[in-house]
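K.L.:
Could you look at this predicted model? Sequence included:
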Amino acid sequence: MSWEPVIGLEVHVQMRTERKLFCGNQVVFGDEPNSHVCPVCLGLPGALPTTNPEAVKLAVRTALALDCTIHLTSVWERKNYFYPDLPKGYQITQFEMPLATDGVVIYDGPEGEGLVRIRRAHMEEDAGKSIHDRIPRGTVVDLNRAGTPLVEIVTEPDLCSPADARAFLVALKHILEYADVSDCNMEEGSLRVDANVSLRSVGASELGAKTEIKNVNSFSGVERALEIEIARQAEVLDHGGTVDQETLLWDDHMGQLRSMRSKEDSHDYRYFPDPDLPPLVLEPSLVEVTRQCLPELPRLRRDRFIQDYGLSSYDAGVLTHTVASANYFEAVVGASAEAKSAANWVMGPLQALMNERGEDLETFRVRARALAELIELVTDGTVSDTAAKKVLAIVAEDGGSPRAVIEEQGLAQVRDDVQLEQWVQAVIEAQPDEVSRYQGGEKRLIGFLVGQVMRRSSGTADPRRVNAILTKELI
């Protein structure tokens with residue numbers, strides 16, 4: 001029998017706030033364990049929570065970026081369960097009346113454009129962190145993270161392959177980064193994913209028993225864990241067995257899933273409204289102001305780059321991969337560079353140099369105006385592509401303007417035919433075998449010979465003139 005997977009995701013997003021959701025403690029990653037705790041986040045008797053308004057604003061911004069319907073009244077509830085890193089014995093979250101519902105995310109999957117419906121986006125506090133490798137055969141608990149503001153984004157079961165799940169997560173991450181609601185750092189736990197998966201007969205409408213995969217800290221890990229679990233469920237069903245509803249832990253180092261516990265249903269958590277917190281009531285003006293202040297989101301920006309700048313879908317996708325790269329590209333074009341040339345330089349030599357130096361656009365010394373100037377100097381023939389890359393490296397190291405660097409370093413492009421012919425003759429004499437092969441019909445060797453002239457000229461020779469002179473001399 002043929003089976004088809006049905007996948008839904010629960011994505012926990014840490015809001016970019018300085019303080020926790022219900023107390024004044026700082027949210028800081030990597031500090032001394034249990035150094036940012038208080039009676040509220042420890043759940044001590046008599047401690048009363050107070051909602052952080054900044055976290056609420058970011059949650060509203062998140063929901064609007066996902067095209068959700070915002071509910072002006074939502075309710076805080078207690079989700080009751082026991083775990084060592086949950087000091088209160090319950091988690092404050094939203095259940096029956098969440099902040100937002102009915103959103104949508106469009107993504108580019110392996111089979112083309114896909115759409116995932118967002119069932120709900122609700123606020124909740126994070127639990128602490130259990131650490132299993134600090135002491136031999138023991139577990140320690142760090143409660144610094146307890147109370148950190150989260151938005152949980154729950155999808156409908158609209159995904160049908162692990163590759164689609166990964167593509168959706170990439171699109172979701174881009175939206176969250178553009179909306180500036182989270183740094184989405186998976187290594188620090190700012191973005192965490194739980195995946196629910198079941199199998200059903202191809203063409204069937206009824207869902208099968210599902211399992212939930214937890215503890216996945218990368219999008220590639222989500223894809224791999226889903227592939228393994230789908231294969232396992234298919235084998236069970238092919239042999240006439242039944243899939244148990246359970247929670248599975250992903251071991252990224254071993255590339256394995258292991259059973260953690262039987263999967264709970266919502267009634268197992270005994271949700272009820274939190275008696276210490278009134279309903280969360282939003283002013284309509286807050287929602288509308290937040291909506292008006294939303295930035296241009298990645299998919300719209302990519303489409304605008306294609307339309308306004310005549311870029312390919314691939315180039316536009318690369319340039320809009322991050323807000324920083326999209327802003328930098330537009331700043332280069334705004335400083336008078338031609339769009340396609342700007343795209344080629346930003347994606348090519350600029351990115352290569354940043355990778356080599358271990359930098360990003362925040363620390364890189366080549367400002368957009370300087371790159372636009374360099375592109376103009378290449379276009380008008382003042383400097384060759386080869387020499388321009390040297391100029392770029394010097395500006396990245398020492399600052400300054402490209403024009404000044406070219407003058408100081410003597411990198412202006414040489415167009416004097418007398419000098420060019422001398423370099424050409426020197427290369428012809430130094431490469432007799434290649435010259436003979438070229439004259440024997442291997443015309444592609446002209447590129448090699450031009451490159452040798454460029455090397456001899458330290459990148460200053462005009463490659464178009466060199467090509468013409470070589471072609472003439474080799475007849």
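P.N.:
Ah, there it is.

K.L.:
just the strands in the stretch 51-200 of the chain please.
P.N.:
Using DSSP state E, counting those that start in this stretch, the strands of the stretch 51-200 of the chain run over residues 69-70, 73-74, 77-80, 90-93, 100-109, 112-125, 129-131, 140-142, 149-155, 191-201.

K.L.:
just checking, what packs against the fifth one?
P.N.:
In terms of contacts (3 or more C-beta pairs under 8 Å, 6 or more residues apart in numbering; DSSP states H and E), strand 100-109 is packed against helix 53-65, strand 69-70, strand 112-125, helix 162-179. To be clear about C-beta, it is placed using only N, CA and C from the backbone, and glycine gets the same treatment.

K.L.:
Show me which positions of the longest one end up buried.
P.N.:
To tie it back to what came earlier, the one meant is helix 162-179. 162, 164-169, 171-179 (16 or more other C-beta atoms under 10 Å).

K.L.:
And the third one, by the same measure?
P.N.:
By neighbour count, and taking 16+ other C-beta under 10 Å as the criterion, the buried residues in strand 112-125 are 114, 116, 118-125.

K.L.:
need the helices and strands packed on strand 100-109 in CSV with distance to Ala468, can you?
P.N.:
CSV is the format used below for these (distance: least, C-beta to C-beta, whole Å):
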stretch, distance to Ala468
helix 53-65, 54
strand 69-70, 65
strand 112-125, 46
helix 162-179, 46
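
K.L.:
Tabulate those (a markdown table), appending mean pLDDT and distance to Gly399.
P.N.:
Formatted as a markdown table, the helices and strands packed on strand 100-109 follow (pLDDT from 0 to 100; distance: least, C-beta to C-beta, whole Å):
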| stretch | mean pLDDT | distance to Gly399 |
| --- | --- | --- |
| helix 53-65 | 98 | 36 |
| strand 69-70 | 98 | 47 |
| strand 112-125 | 97 | 44 |
| helix 162-179 | 97 | 29 |
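
K.L.:
between those, which gets nearest to Leu374?
P.N.:
Minimum separation from Leu374 across those (C-beta to C-beta) falls at helix 162-179, 28.3 Å.

K.L.:
what angle do that closest one and strand 191-201 make?
P.N.:
150 degrees (axes from the mean of the first three to the mean of the last three C-alpha atoms, to 10 degrees).

K.L.:
if we can go back for a sec, looking at the helices and strands packed on strand 100-109, which is nearest to Ser262?
P.N.:
Of all those, strand 112-125 comes closest under C-beta to C-beta, at 22.7 Å.

K.L.:
which among the buried residues of strand 112-125 gets closest to Asp315?
P.N.:
Among those, Gly114 lies closest to Asp315 (C-beta to C-beta), at 22.0 Å.

K.L.:
what's the spacing between the closest one and Asp274?
P.N.:
37 Å (C-beta to C-beta, to the nearest Å).

K.L.:
Determine the longest helix present in the protein.
P.N.:
Ranked by residue count and defined by DSSP state H, the top helix of the chain is helix 219-238.

K.L.:
one step back: looking at the strands of the stretch 51-200 of the chain, which is buried most?
P.N.:
Counting by mean count of other C-beta atoms under 10 Å, strand 149-155 has the highest mean neighbour count of those, with a mean of 23.

K.L.:
what is the mean pLDDT for the longest helix of the chain?
P.N.:
Computed over helix 219-238, the mean pLDDT rounds to 95.

K.L.:
Alpha carbons of the helix or strand following it, in PDB - could you do that?
P.N.:
Later in the chain than helix 219-238, the nearest helix or strand by DSSP states H and E is strand 246-251. The C-alpha trace of strand 246-251 is given here as PDB (Å, rounded to 0.1, in the frame of the first residue of the first chain):
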ATOM      1  CA  GLU A 246       4.000   9.300  21.200                       C
ATOM      2  CA  THR A 247       6.600  12.000  21.600                       C
ATOM      3  CA  LEU A 248      10.000  11.300  20.100                       C
ATOM      4  CA  LEU A 249      13.300  12.900  20.800                       C
ATOM      5  CA  TRP A 250      15.800  13.600  18.000                       C
ATOM      6  CA  ASP A 251      19.400  12.800  18.600                       C
END
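
K.L.:
can you give me the angle strand 246-251 makes with strand 191-201?
P.N.:
Using the same axes, to 10 degrees: strand 246-251 against strand 191-201 is 130 degrees.

K.L.:
Name the strands paired with the helix or strand following strand 246-251 and say parallel or antiparallel.
P.N.:
Per DSSP H and E, the first helix or strand lying C-terminal to strand 246-251 is strand 256-262. Within its sheet, and counting by DSSP bridges, strand 256-262 is paired with strand 246-251 (antiparallel).

K.L.:
residues making contact with the partner strand?
P.N.:
211-216, 221, 225, 229, 256-264 (C-beta atoms under 8 Å, 6 or more residues apart in numbering).

K.L.:
just the buried members of those?
P.N.:
211-216, 221, 225, 229, 257, 263.

K.L.:
what's the farthest-apart pair in these?
P.N.:
When the buried ones among the contacts of strand 246-251 are compared pair by pair using C-beta to C-beta, the maximum separation belongs to Gly221 and Lys263, at 19.9 Å.

K.L.:
Kindly state the domain boundaries assigned to the chain.
P.N.:
3-290, 296-405, 417-473 (automatic domain parsing).
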